[in-house]
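1. using only what follows, build the 3D model:
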Amino acid sequence: MLSVLRLNRSLIYELTKREFSGRYRGSFGGVIWSFAQPLFLLCVYTIAFGLILKTRWGYSGGTADYAFILFSGLIVFNLFSDCLAKSVHLITANPNFVKKIVFPLELLPLVSTLGAVMHSVIAILIWIAGYTIVYGVPHASVLFAPLVLACFFPVLLGIGWLLSAAAVIVRDIGQLTGMISHTLLFLTPIFYSVETAPPPIQNLLVANPLTFVVNQFRAVLFYGSLPDFLGLALYFVGASIFAWLSSLAFAKLRPVFADLV
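-> Below you'll find the predicted structure:
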């Protein structure tokens, strides 16, 4: 798998560029939608939870604090949700790549994940701009945000390889991903902190693999804390093992793609 990725570096670059620019091709707003969509979601969630329900992070802080803490968590979750939603259609939506030309199908999940990461980078820039306007220059710890995303990247890539291959065999997976995404949105400490949940629920939240990444990302962006380097290293190792096993599953199922797509 690594050799395939290394030999197709230029192809990966071109496909990723096309993936990023092609999402809004033909629309009037173009790339502006990459900025508008996260801002729109932030406004909706802030009004609903911060103003109407008057939710406060850990029972303290104001609406502005809550908005920035919420936005930082949404950046991570939206990245995950985007990769989850697109992964199930990567093979089934590209029958020409499967049947008519010799193409390294392993690249499709990678390109899709890289495109999602690029949109997350735009959301981070929006967060930093907003924080600068409201509070001033962000903490230097924001420089560690790419490190947190890098440790999360193998999870996203593994999801792409695993679900894109499995969805060719079991088409119902596409129906389940939406339910999984909505469930994890509320079982991940996006709108609330782990500490405010009842003790039995806290154990469930901590077991959620998204929780650690969300908390680390929020720590370096908003709280100005250094990341848990040991925790990130262990997370990266576990995520890499997951990605490797997913790549093996992809390679195992690939021979049947042409018959089922």
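2. the residue nearest to residue 211 when sequence neighbours are not counted: which element?
-> Nearest residue to residue 211 in three dimensions, chain neighbours excluded: residue 205, at 5.5 Å (CB to CB, 6 or more residues apart in numbering). For every residue, glycine as well, the C-beta is placed using N, CA and C. Using DSSP states H and E, residue 205 sits within helix 199-207.
3. elements contacting that helix?
-> Counting contacts by 3 or more CB pairs under 8 Å, 6 or more residues apart in numbering; DSSP states H and E, helix 199-207 is packed against no other helix or strand.
4. buried residues, it. List them.
-> 202, 205 (16 or more other CB atoms under 10 Å).
5. next structured bit after it?
-> Later in the chain than helix 199-207, the nearest helix or strand by DSSP H and E is helix 209-218.
6. any idea how far that following helix is from the chain center?
-> 11 Å (CA atoms, centre = their mean, to the nearest Å).
7. what's the following helix or strand after it?
-> Next along the chain after helix 209-218, with elements defined by DSSP H and E, is helix 229-253.
8. report all helices and strands that that following helix contacts.
-> Right, helix 229-253 is packed against helix 145-169, helix 209-218 by 3+ CB pairs under 8 Å, 6+ apart.
9. and the following helix or strand past that helix, what's its mean pLDDT?
-> Following helix 229-253 in sequence order, the next helix or strand is helix 257-260 (DSSP H and E). If you average the pLDDT over helix 257-260, you get 79.
10. contacts for helix 257-260?
-> With contact meaning CB atoms under 8 Å, 6 or more residues apart in numbering, helix 257-260 is reached by 91, 98-99, 105, 165, 168-169.
11. most centrally placed residue in the protein?
-> Relative to the mean C-alpha position of the chain, the nearest C-alpha, by CA atoms, centre = their mean, is the one of residue 79, at 2.1 Å.
12. separation between the closest residue to that one other than its chain neighbours and residue 152?
-> Spatially, and ignoring its direct neighbours in sequence, residue 79 is nearest to residue 120 (4.5 Å; CB to CB, 6+ apart). Noted for residue 120: a distance of 10 Å to residue 152, by CB to CB, to the nearest Å.
13. between those two, which one's more packed in?
-> Using other CB atoms under 10 Å as the criterion, residue 120 and residue 152 rank with residue 152 on top: 26 against 21.
14. coming back round to it: what secondary structure does the residue nearest to residue 79 sit in?
-> Three-state call for residue 120 (DSSP: H, G, I helix; E, B strand; the rest coil): helix.
15. is it true that it touches residue 72?
-> No: counting by CB atoms under 8 Å, residue 120 stays clear of residue 72, with 11.2 Å between them.
16. hang on, the earlier thing: got a list of what the residue nearest to residue 79 touches?
-> Residues near residue 120 by CB under 8 Å, 6+ apart: 75-76, 78-79, 149.
17. can I get those residues in CSV including pLDDT and distance to residue 215?
-> Below are the contacts of residue 120 laid out as CSV (pLDDT from 0 to 100; distance: CB to CB, whole Å):
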residue, pLDDT, distance to residue 215
75, 93, 13
76, 95, 10
78, 91, 16
79, 93, 15
149, 95, 14
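18. closest to residue 40 among these?
-> Closest approach between these and residue 40, by CB to CB: residue 78, at 11.9 Å.
19. what about that closest one, neighbour count?
-> Quick note: residue 78 (other CB under 10 Å) scores 21 neighbours.
20. that one: what's it in contact with?
-> Contacts for residue 78 (CB under 8 Å, 6+ apart) come out as 38, 41, 120, 123.
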